[in-house]
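Enquirer: Sequence and predicted model, in that order:
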Amino acid sequence: MDAPLEHTDDSRIAKASTVASETVKDQSSGRILYSRDSRETVGETFVDNPRMSCRNVDVYYDDKHAIKNVSLDIGRNQVIAMIGPSGCGKSTILRCLNRMNDTIDICRVSGEILLDGVNIYDRHIDVVPLRARVGMVFQKPNPFPKSIYDNVAYGPRIHGLAQNKAEMDELVETSLRKAGLWEEVKDRLDQPGTGLSGGQQQRLCIARTIAVSPEVILMDEPCSALDPIATSIIEDLIDELKQQFSIAIVTHSMQQASRVSQRTAYFHLGDLIEVGETAQIFTNPRHQLTQDYITGRFG
């Protein structure tokens, strides 16, 4: 009697064939990498007990598909760096995290973005308290045309976080201390914030952001307009702030990403290509596009 035919799992064979076709051997290192043609996200996109979660997020500017089916977690008390060449979508996804893209008429966002398990794009969500919980620090320092004191006090005033002058004074001092600026400005709080140096202005903007007790701080290339000394101060500050906040930073500087972040996400033409521990991304990437970028082949 003939031996019975073994059962074959066609789906497993097909999947193995697909994976094999999407991987290549890197000639310089001998490692097996996902090929440049593959657009499936590689690595650990999810974390335990995330502060924020993106699930199947797509972003369109009219007909332009700027972000393509991105799923990504932002962990608690850690820094995640978003890197990639210009126009890859990293700033777009960052602006989605506190609905800054709502101000752009042609922008449309689909999918879910959760803050502590609640979808921030639910129609019942008020964006004003949302943007207090998820603060933003922009590329160019943008202090208000007010005194240093009033720059920091502005948010707590509109959100009713201080009951009297003494409480407001304490809140302003605490915020400036956390931003590493108190000792430099404590004797001139009534002077214009616009009169500070570029690095001081950026730290003032950080103090203004943390004054309303956010849970997440978004930073869109916060050091790109600063000199190396001011940049070093901001990077040290980011390391301190992660003890209290979750931080997502967009940066064109791979050196900065490696210094300040614990996780890194690499974007390419709207796709999230690879996510992982920062050390792994920069020393042992699993995708050809990631390796091309960090080795300077493009970007």
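Expert: Nice, I can see it. All values derive from a computational prediction rather than experimental measurement. Numbering: from 1, shown residues only.
Enquirer: Next one: the most centrally placed residue in the chain, what pLDDT does it get?
Expert: What sits nearest the mean C-alpha location of the chain, by C-alpha atoms, centre = their mean, is Ala248, with 2.7 Å. Looking at Ala248, its pLDDT is 98.
Enquirer: Next: the one 4 residues further on.
Expert: At His252 the predicted local distance difference test score is 94.
Enquirer: Quick check: closest non-adjacent residue to it.
Expert: Nearest residue to His252 in three dimensions, chain neighbours excluded: Glu221, at 6.4 Å (C-beta to C-beta, 6 or more residues apart in numbering). C-beta here means a position set from N, CA and C on the backbone, and glycine is covered the same way.
Enquirer: And for the one you found, the neighbour number?
Expert: By other C-beta atoms under 10 Å, 19 other residues sit near Glu221.
Enquirer: what's the answer for the one 3 residues further on, then?
Expert: By the other C-beta under 10 Å criterion, the neighbourhood of Ser224 contains 14 residues.
Enquirer: Same question for Ile206.
Expert: 26.
Enquirer: Contacts only, for it.
Expert: 137, 179, 217, 222, 234, 237, 241 (C-beta atoms under 8 Å, 6 or more residues apart in numbering).
Enquirer: same deal with Asp271?
Expert: Neighbour list for Asp271: 39, 41, 68, 70, 89 [criterion: C-beta under 8 Å, 6+ apart].
Enquirer: which of those lies closest to Val109?
Expert: Val70 (10.8 Å; C-beta to C-beta).
Enquirer: okay, the closest one: pLDDT?
Expert: For Val70, the model assigns a pLDDT of 98.
Enquirer: I'd say it and Leu272 touch.
Expert: Yes. Between Val70 and Leu272 there is a contact at 4.7 Å, judged by C-beta atoms under 8 Å.
Enquirer: anything in contact with each of the two?
Expert: Common contacts of Val70 and Leu272 (C-beta under 8 Å, 6+ apart): Thr41.
Enquirer: With neighbour numbers in mind, choose between those two.
Expert: Here Val70 and Leu272 are compared on neighbour count by other C-beta under 10 Å; more neighbours surround Leu272, at 29 against 24.
Enquirer: secondary structure element for that one?
Expert: strand 271-277 (DSSP states H and E).
Enquirer: Okay, now the sheet partners of that strand, with direction.
Expert: strand 42-43 (parallel), strand 263-268 (antiparallel) (DSSP bridges).
Enquirer: Export it to PDB, keeping only CA atoms.
Expert: Presented in PDB, the C-alpha positions along strand 271-277 are these (Å, rounded to 0.1, in the frame of the first residue of the first chain):
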ATOM      1  CA  ASP A 271       5.400  54.300   5.200                       C
ATOM      2  CA  LEU A 272       6.600  53.300   8.700                       C
ATOM      3  CA  ILE A 273       9.500  51.000   7.600                       C
ATOM      4  CA  GLU A 274      11.100  49.900  10.900                       C
ATOM      5  CA  VAL A 275      10.700  50.400  14.600                       C
ATOM      6  CA  GLY A 276      12.900  49.200  17.400                       C
ATOM      7  CA  GLU A 277      15.300  49.900  20.200                       C
END
